[in-house]
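1. Just the structure for this:
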Amino acid sequence: MAKWGEGDPRWIVEERADAHNVNNWHWRESDATQWSKNKFKELLDGMLIGDESVGSCTLSNIVCEGEASVSNRKNKIICFYEWKITAKWKGGVKNDATVYKGELIIENMSEEYEPDEVDVEIKINKENKENTTITALMKTFGVVLVREKLQAYLDQLRTNYGTQLILPPKDAKVDSKTAVSTMKNSTNLIKKEMNNLAMNDKKTDKTNAGIKITTKKLTMSETFMTTVDELYLTLTLKDRISAWSRSEVKSDVDVGTVLTLFDKNVEAEFTELVRDKKLVMKWRMKSWMAGHYSTVTLDLEQTVDGAKVSLQQSGIPENSVEATTNGWRRYYWDAIKMTFGYGSRIM
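-> The predicted structure follows:
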């Protein structure tokens, strides 16, 4: 039994000006269904995808079916939501007067999935002839932008309702930045993890330039559920690279192009390009000895299972082989599959 005056703080009503739900111990719940429907329409209705240089589409007729609620228990914010979202899209491509139309469908928007894991299905109307440019635009940049809007919805759902449910103690104010833990932004997450990878891998510094180091060779392969020409474009077009790498890319890839990706932790200079067949580059991580580059060759091949990329990389510092292998898998292959849906046979 607690001593007099030293009881369990959850029952000390004096800590709350209104003596209600002390220390936010008890369950409180707020229905966020209508707010969510309004927010989805605010975020998605009229959203522009693309630009005049290639083509563009806009979203309209946003329809949301489902429900959402936000709860507070023991000072923790918990979101429950399940949504099916549909929208109409229409647009066109450069030098083509045709107006293309279609539908965007999200079936599984729920707390079971991260926003960047949610399936976004793109359909084109039957009266339109198939157009690879407009389809690629919607299935690549369109899907990425929609997922970013879903992330924005979830962040605002937590912030909007989380601060309402956390009751402040007497003479105190709620700080939404500390009271509500928002979902991690995928772009910042990649940058943070790549920085950590660089720091953990860093065994030398610039004062070691010119010193001979022991290097190893890496070979690996990956298959993507798409065509070789689409995969080649995904690896060379600036907008697609920006989408899967979450990095700012200023130009399409050509011989001599230098890319700095993942918060400048990776630098790649392209030395040879063979359309739909091969990419060769000088490649390094920021943590490597100054001036040291490896040579990366990506051979592309169409197989019955999809587009296969075979990687050969020579000149990797011996202590960086594992980190480099994991980096290719996570930040290149997995990121491309997640962004463009190339990990599924359903295209």
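
2. Show me where the stretch 1-150 of the chain has its helices.
-> With DSSP state H, counting those that start in this stretch as the definition, the stretch 1-150 of the chain shows helices at residue ranges 33-44, 132-137, 143-165.

3. would TSV of those helices with mean pLDDT be doable?
-> What follows is the helices of the stretch 1-150 of the chain, written out as TSV (pLDDT from 0 to 100):
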stretch	mean pLDDT
helix 33-44	90
helix 132-137	80
helix 143-165	78
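
4. Export the ones you listed as a markdown table, with columns for mean neighbour count and distance to residue 67.
-> In this view, the C-beta of every residue, glycine as well, is placed from N, C-alpha and C. What follows is those, written out as a markdown table (neighbours: other C-beta atoms under 10 Å; distance: least, C-beta to C-beta, whole Å):
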| stretch | mean neighbour count | distance to residue 67 |
| --- | --- | --- |
| helix 33-44 | 17 | 5 |
| helix 132-137 | 20 | 32 |
| helix 143-165 | 19 | 12 |
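
5. Distance to residue 324 added to those, as CSV?
-> Putting the helices of the stretch 1-150 of the chain into CSV (distance: least, C-beta to C-beta, whole Å) gives the following:
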stretch, distance to residue 324
helix 33-44, 38
helix 132-137, 30
helix 143-165, 26
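
6. Model confidence at residue 126, what's the number?
-> At residue 126, the pLDDT value in this model is 76.

7. what does the one 5 residues further on give?
-> The predicted local distance difference test score for residue 131 is 69.

8. ok so, going back, closest one to residue 100 among the helices of the stretch 1-150 of the chain?
-> Each of these has some distance to residue 100 by C-beta to C-beta; the shortest is helix 132-137, at 4.8 Å.

9. Kindly export the strand or helix carrying residue 302 (C-alpha atoms) in PDB.
-> Residue 302 is located in strand 294-303, with elements delineated by DSSP states H and E. Coordinates of each C-alpha in strand 294-303 appear next as PDB, following Å, rounded to 0.1, in the frame of the first residue of the first chain:
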ATOM      1  CA  SER A 294      34.900   0.900 -58.200                       C
ATOM      2  CA  THR A 295      33.700  -0.200 -61.700                       C
ATOM      3  CA  VAL A 296      30.100  -1.300 -62.000                       C
ATOM      4  CA  THR A 297      28.700  -3.100 -65.000                       C
ATOM      5  CA  LEU A 298      25.000  -3.800 -65.300                       C
ATOM      6  CA  ASP A 299      24.000  -6.200 -68.000                       C
ATOM      7  CA  LEU A 300      20.300  -6.400 -68.900                       C
ATOM      8  CA  GLU A 301      18.600  -9.400 -70.300                       C
ATOM      9  CA  GLN A 302      15.000 -10.300 -71.100                       C
ATOM     10  CA  THR A 303      14.000 -13.700 -69.700                       C
END
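
10. So which residues of the stretch 51-200 of the chain form strands?
-> Using DSSP state E, counting those that start in this stretch, the strands found in the stretch 51-200 of the chain span residues 55-73, 76-93, 100-110, 120-124.

11. now the third one, how far from the centre of its chain.
-> For strand 100-110, the gap between its own C-alpha mean and the chain's C-alpha mean amounts to 18 Å (C-alpha atoms, centre = their mean, to the nearest Å).

12. what's the answer for the longest one, then?
-> Chain-centre distance of strand 55-73: 18 Å, with C-alpha atoms, centre = their mean.

13. The helix or strand just after the strand holding residue 302: which residues count as buried?
-> Tracing the chain past strand 294-303, the next element assigned as helix or strand by DSSP H and E is strand 306-317. Judged by neighbour count using 16 or more other C-beta atoms under 10 Å, the buried positions of strand 306-317 are 306-309, 311, 313, 315-317.

14. before we move on, back to that, which among the helices of the stretch 1-150 of the chain is found nearest to residue 252?
-> Between the helices of the stretch 1-150 of the chain, helix 132-137 lies closest to residue 252; by C-beta to C-beta that is 14.4 Å.

15. list the helices and strands that closest one packs on?
-> Packed against helix 132-137, as judged by 3 or more C-beta pairs under 8 Å, 6 or more residues apart in numbering; DSSP states H and E, are the following elements: strand 55-73, strand 76-93, strand 120-124.

16. Output the below-cut-off pLDDT ranges for the protein.
-> By pLDDT under 70, the low-scoring segments of the chain are 1-29, 52, 72-77, 127, 129-131, 160-212, 344-347.

17. How is it partitioned into domains?
-> Following automatic domain parsing, one finds the domains of the chain at 11-182, 187-340.

18. Make CSV out of the helices and strands packed on helix 132-137 and add mean neighbour count and distance to residue 231.
-> As requested, the helices and strands packed on helix 132-137 are exported to CSV (neighbours: other C-beta under 10 Å; distance: least, C-beta to C-beta, whole Å):
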stretch, mean neighbour count, distance to residue 231
strand 55-73, 18, 21
strand 76-93, 17, 21
strand 120-124, 17, 18
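
19. can you redo the ones you listed as CSV with distance to residue 243?
-> Compiled in CSV, the helices and strands packed on helix 132-137 are given as follows (distance: least, C-beta to C-beta, whole Å):
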stretch, distance to residue 243
strand 55-73, 15
strand 76-93, 18
strand 120-124, 13
